[in-house]
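Chemist: model the following, please.
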Amino acid sequence: VSLTGTGTMPAVSLSTTSLRFDKTAIGQQSGPLSVALTNTGDAVLSISSIAIVSGTYTQTNNCPSNLTSGASCTINVVFAPSSKGNSSGQLSITDNASDSPQMVKLSGIGM
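Modeler: Alright, predicted model coming up:
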């Protein structure tokens, strides 16, 4: 018996791969900058983690743990510098897409 078939895979598209924040005073927070995450594949995207892995940034999101094909969600990132000068960081999104984790570079200037 011969079998044939077509597999399905989730795929991720990000609206940007970097966020650059305006100069922000130490002890203050910037306004949020957003990244749209879209499941461009033909299977459910299982999101296991959305996290800041370095830098003085925080994130909030409206992403469910399972994102259906064609659906999008938004990740908002805020910069809160703790020292003067350039600050870099990364937002990491871990899921079941083949290119996981997806990374967004973060940069800002504390003043």
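Chemist: give me the low-pLDDT residue ranges for the chain?
Modeler: 3-7 (pLDDT under 70).
Chemist: now the strands for it?
Modeler: Secondary structure of the chain (DSSP state E): strands located at 12-14, 18-20, 33-39, 45-54, 57-61, 66-67, 72-79, 85-95, 102-110.
Chemist: looking at these, spot the one closest to residue 2.
Modeler: Between residue 2 and those, the shortest separation by C-beta to C-beta is 31.2 Å, and it involves strand 45-54. Backbone N, C-alpha and C define where each C-beta goes, glycine included.
Chemist: hey, C-alpha coordinates of the closest one in CSV?
Modeler: Once non-C-alpha atoms are left out, strand 45-54 reads as follows in CSV (Å, rounded to 0.1, in the frame of the first residue of the first chain):
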residue,chain,number,x,y,z
LEU,A,45,0.5,28.0,15.9
SER,A,46,1.2,26.9,19.5
ILE,A,47,2.9,29.8,21.4
SER,A,48,4.8,28.6,24.5
SER,A,49,6.6,31.8,25.4
ILE,A,50,6.8,35.5,24.7
ALA,A,51,9.5,37.1,26.8
ILE,A,52,12.1,39.9,27.0
VAL,A,53,15.5,38.0,27.2
SER,A,54,17.7,41.0,27.9
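Chemist: which residues sit in contact with residue 67?
Modeler: Residue 67 sits next to 10, 37, 39, 44, 45, 47, 73 when contact means C-beta atoms under 8 Å, 6 or more residues apart in numbering.
Chemist: hmm, back to that, make CSV from the strands of the chain and add distance to residue 2 to it.
Modeler: Formatted as CSV, the strands of the chain follow (distance: least, C-beta to C-beta, whole Å):
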stretch, distance to residue 2
strand 12-14, 33
strand 18-20, 48
strand 33-39, 32
strand 45-54, 31
strand 57-61, 45
strand 66-67, 33
strand 72-79, 39
strand 85-95, 33
strand 102-110, 37
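Chemist: those: which one's closest to residue 27?
Modeler: When the strands of the chain are ranked by proximity to residue 27, the top entry is strand 102-110, at 9.4 Å, counting by C-beta to C-beta.
Chemist: what angle do the closest one and strand 45-54 make?
Modeler: Using axes from the mean of the first three to the mean of the last three C-alpha atoms, to 10 degrees, the inter-axis angle of strand 102-110 relative to strand 45-54 is 30 degrees.
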